[in-house]
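*Asks:* need a structure here:
(chains A and B)
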2 protein chains.
Amino acid sequence: MSQFPVIGGELQVGGMALTRLAQRVGQTPFYAYDRGLLRDRVGELRRALPDGIELHYAMKANPMPAVVGFMAGLVDGIDVASAGELRVALDAGADPRHVSFAGPGKRDLELHQAVASGVLINLESMREVRLLGPISQALGLPARVAVRVNPDFELKGSGMKMGGGPKQFGVDVEHVPELLSHIGQSGLVFEGFHLFAGSQNLRADAICDAQQKAYALALRLAEMAPDPVRFLNLGGGFGIPYFPGEQRLDLTPIGDNLAGLLHRARADMPQAKLVIELGRYLVGEAGLYVCRVIDRKLSRGQVFLVTDGGLHHHLSASGNFGQVVRKNYPVTIGNKVDAQEREATSVVGPLCTPLDLLADRMDLAVAEPGDLVVVFQSGAYGASASPQGFLGHPPCIEVLV
Amino acid sequence: MSQFPVIGGELQVGGMALTRLAQRVGQTPFYAYDRGLLRDRVGELRRALPDGIELHYAMKANPMPAVVGFMAGLVDGIDVASAGELRVALDAGADPRHVSFAGPGKRDLELHQAVASGVLINLESMREVRLLGPISQALGLPARVAVRVNPDFELKGSGMKMGGGPKQFGVDVEHVPELLSHIGQSGLVFEGFHLFAGSQNLRADAICDAQQKAYALALRLAEMAPDPVRFLNLGGGFGIPYFPGEQRLDLTPIGDNLAGLLHRARADMPQAKLVIELGRYLVGEAGLYVCRVIDRKLSRGQVFLVTDGGLHHHLSASGNFGQVVRKNYPVTIGNKVDAQEREATSVVGPLCTPLDLLADRMDLAVAEPGDLVVVFQSGAYGASASPQGFLGHPPCIEVLV
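*Replies:* Next up is the predicted model:
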């Protein structure tokens, strides 16, 4: 995890030594997100992808208001998944023209809020079309809509599949023509399509393949659309490495692939802007989770570091969020990174459950109470995806450094 | 799930029809806990277990203040797992003499708070003994302590093992003699032992076996204790049925077993009160999770009910909390329980992740938007064990009916 430099054996976050950062924060546990790394990641993508591809941030990955505000200044749009996220995005200064709202089961109130905000609504069902006509009339503001399509293909090698087969997401491609004709009759403003096949994919070829298929599908559907396509969200799915042996995603073929699609789109759908929607890939590697060793126990030959953090703040690092087989996230002792003395160590939290496990028999520097345990790759699906109230421990703090 | 009666096709909670309860609550989703069922469960245990066995409520299972207050009036003591839970227990009127505090990695501040409160501290390590001497002196109040022992046996057939082998919980039995001598020298008030082998066990024979072994172990350790044993927590581990084919725990052999131990204890440890600590078993079956159908979708032959509730409120029902293989919790359409028309139905939430699944192709009454989906067996490890902030949807409400 070379993105955070080490000086004098200590991890540096945003140019600050970890122990000093912990003093600045005033408590452990905390999450720290590094502005420089966020900026670098967007820059890296801008260089690898052709000009003309728009980058959206899917804020579900990390909805901390300061992060959303910072990202809003770097990317071309924000994708929200609820009216709650919409509020945070608008507070953060996101331009509603470049905000899109996806999610199955949008409540009536949420649809009203979305229309009133002037954001693009990714339609997930016929019900939403039926509701948006009257809402648009009542508000005197036509809803801006794109159709989220459940494609007839899957994203191979994806951590989670969100398209293909029977799904709660989007509208099956077979039913999209009917939906498009309803949109035309309902006075809604049709802008385009959203295709999202899956997430956390480390195979460039699979992502390119999904993009190609998404493009072809959108082109086919565009013929039946009431208006020209102005917005085409090809999804995301770019993964980051978490576990030993995982290779970093190669952006070069993805850039080439998108350049080809962009070229074709100039002829096929000249008004369309092509969008890539990324969450985890933008923020995941820029974040750390930091907790403090409270106790060191030796039980039947096994070393346990009991920390003040754990599953209640970082469910996914405990292996309880979608993983089938638990694997260790990358972990280090943040104030003793270079220490020579090392040992097999289990890092656990303060909860009365064996699920509260941050590292299972990892090779770590020998640590004592007071030392800082760091979990890398924690910028996405961390604090907001964890049961913070569990067992009544204090919530964690998040800082943007 | 016969604990909730059905009248006119509608589930009754605390004597009230579910749709009326939903109107009273004023929003979905919500959790409802039934006072009558909580009272019945304690009564059933009192009848099955011999007089003289004390019942403790492990409030980690459901820390809703109203539930803790209600339970405090029914049981003989409350077990807390953090200073946060301790505060709720004391607010609820629990008598600190009958409150015990367990948990690895208790923070210094938490140890101070526990001593100042006068509750019993279940020691988990030598560090806690070292800290409690000076804390007791500083506060002018000797800490009341019991030793949580990591036994040299496991609870067979347990959903989660919390004893045996290397563990972060308690003190390995091999090291307890040394710890006991330190307690004697530190001016702490020794009260007894806590042995907790595991949880969610449906086999009475395994629970009886663990109780026998725990008793024998405590008796052996008592000889080395600085004072007579006055408190002996034999753990809990009583499971409830969640999935098809699971048999309800038979309390009769457990009652007989505890009667035998109680009889022996009168001679072996005449001052000791024997305690059983239960969380899930007391509250799990008394609770429902209720959410509303927002959309009904047919995708490639599969029916999806998209609701306003899901993983963010009820992580364990989604199969993402300790389960290796996801299985459906018992689910019904609460306002159409008896409906003749039924179909294979998947119930999902509003989140943009395929993990957000409350029922996978279950046989349910045909339902429409507005209907109420009910997840049974939701009184324990529900609201507090879920990532309520995930994706920015509104939090759920909890009511005690």
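
*Asks:* now do the contacts for the closest residue to chain B within the stretch 151-300 of chain A.
*Replies:* For the stretch 151-300 of chain A, the residue closest to chain B is residue A:166, as judged by Cβ to the nearest Cβ, at 3.6 Å. Backbone N, C-alpha and C define where each C-beta goes, glycine included. Applying Cβ atoms under 8 Å, 6 or more residues apart in numbering or on different chains to residue A:166 gives the contacts B:299, B:300, B:301, B:302, B:304.

*Asks:* check those against chain A, which are close?
*Replies:* B:299, B:300, B:301, B:302, B:304 (Cβ under 8 Å from any Cβ of the partner chain).

*Asks:* quick check: PyMOL command selecting the buried ones in the contacts of residue A:166.
*Replies:* Burial among the contacts of residue A:166 is assessed by 16 or more other Cβ atoms under 10 Å in any protein chain shown; the matching PyMOL selection reads:
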select buried, chain B and resi 299+302+304
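
*Asks:* just the ones of the contacts of residue A:166 in helices?
*Replies:* Of the contacts of residue A:166, none are assigned to helices by DSSP state H.

*Asks:* possible to save the contacts of residue A:166 as a markdown table with pLDDT?
*Replies:* Rendered in a markdown table, the data for the contacts of residue A:166 read as follows (pLDDT from 0 to 100):
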| residue | pLDDT |
| --- | --- |
| B:299 | 96 |
| B:300 | 95 |
| B:301 | 94 |
| B:302 | 97 |
| B:304 | 98 |
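
*Asks:* tell me the domain ranges of chain A?
*Replies:* A:6-32+A:285-400, A:102-278 (automatic domain parsing).

*Asks:* circling back: would you mind measuring from the residue of the stretch 151-300 of chain A closest to chain B to residue B:214?
*Replies:* 49 Å (Cβ to Cβ, to the nearest Å).

*Asks:* sorry, back to before: among the ones next to chain A among the contacts of residue A:166, name the ones in strands.
*Replies:* With DSSP state E as the criterion, strands contain B:299, B:302, B:304 from among the ones next to chain A among the contacts of residue A:166.

*Asks:* excluding its backbone neighbours, what's nearest the closest residue to chain B within the stretch 251-400 of chain A?
*Replies:* Nearest residue of the stretch 251-400 of chain A to chain B (Cβ to the nearest Cβ) works out as residue A:392 at 2.7 Å. Setting aside the residues directly before and after it, residue A:392 is nearest to residue B:84 in space (Cβ to Cβ, 6 or more residues apart in numbering or on different chains), at 2.7 Å.

*Asks:* in contact with that neighbour, which residues?
*Replies:* A:391, A:392, A:393, A:394.

*Asks:* widest-spaced pair of these?
*Replies:* Spatial extent of the contacts of residue B:84 (Cβ to Cβ) is set by the pair A:391 and A:394 at 10.8 Å.

*Asks:* who has more neighbours, those two?
*Replies:* residue A:391 (25 against 17; other Cβ atoms under 10 Å in any protein chain shown).

*Asks:* for the helix or strand bottoming out on mean pLDDT in chain A, packing partners?
*Replies:* Least confident element among the helices and strands of chain A, by mean pLDDT, DSSP states H and E: strand A:160-161 (a mean of 76). Packing partners of strand A:160-161 (3 or more Cβ pairs under 8 Å, 6 or more residues apart in numbering or on different chains; DSSP states H and E): strand A:198-199.

*Asks:* how far off centre is the strand it packs on?
*Replies:* 10 Å (Cα atoms, centre = their mean, to the nearest Å).

*Asks:* same question, stretch A:282-297
*Replies:* Worked out by Cα atoms, centre = their mean, stretch A:282-297 lies 19 Å from the chain centre.

*Asks:* cool, stretch A:232-248 as well?
*Replies:* 10 Å.

*Asks:* do stretch A:160-167 as well
*Replies:* For stretch A:160-167, the distance to the chain centre is 18 Å (Cα atoms, centre = their mean).

*Asks:* gap between the two ends of stretch A:45-58?
*Replies:* 15 Å (Cα to Cα, to the nearest Å).

*Asks:* spatially nearest residue to residue A:235, not counting backbone neighbours?
*Replies:* Using Cβ to Cβ, 6+ apart, the nearest residue to residue A:235 is residue A:196, at 4.0 Å.

*Asks:* apologies, that question was intended for residue A:371.
*Replies:* Residue A:371 sits nearest to residue A:293 (Cβ to Cβ, 6+ apart), 4.7 Å away.

*Asks:* adjacent strands (with direction) for the strand or helix carrying the one you found?
*Replies:* Per DSSP states H and E: residue A:293 is located in strand A:287-299. Strands that pair with strand A:287-299, judged by DSSP bridges, come out as strand A:30-33 (antiparallel), strand A:302-307 (antiparallel), strand A:372-375 (antiparallel).
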